[in-house]
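> Based on what follows, work out the 3D shape:
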Amino acid sequence: MFLTNNSLTEEVPSWITSDKDNNIDISYNNFTGPRLDSCKIVSANLVSSYPSLARNTTLWCLQKDLPCNSGKHEWDCS
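Got it, this is the predicted structure:
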C-alpha cells in the first residue's frame, strides 16, 4: 500500500507498525506520533514522515529533511 506524500497527520496507526505481512509506505507525511524506537520497521517505510519541528523527540530517519549527514551508514548517526 502506498500512502506516500499525502499530508497525513495525527498518529501512525498501530496496525501499520505491527503488520509484518504487508509492505506499507507512509513516507513523507506529517505524523505526530507515536514515538518510535527504531528506524527499521519490517514492513513499513516511515522515512521523513514526521515534521522537522519534532527534532528533539523523533529519530533522525523519521524527520523531514533527513538531518543526519555523518558520512557513515545512513542508519547510523551516532
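
> distance of the residue lying closest to residue 42 once chain neighbours are set aside from residue 8?
Among residues not flanking residue 42 along the chain, residue 20 sits closest, at 5.4 Å (C-beta to C-beta, 6 or more residues apart in numbering). All C-beta atoms are positioned from the backbone trio N, CA, C, and that covers glycine. Shown here: residue 20 relative to residue 8, a distance of 21 Å by C-beta to C-beta, to the nearest Å.

> Residue 51 now?
12 Å.

> what residues are shared contacts of those two?
residue 30 (C-beta atoms under 8 Å, 6 or more residues apart in numbering).

> separation between residue 39 and residue 13?
19 Å.

> right, I mislabeled it, should have said residue 1
Distance, residue 1 to residue 13, by C-beta to C-beta: 12 Å.

> ok, the two, which is more surrounded?
residue 13 (14 against 11; other C-beta atoms under 10 Å).

> where's that one relative to residue 26, distance?
Where residue 26 is concerned, residue 13 sits at a distance of 9 Å (C-beta to C-beta).
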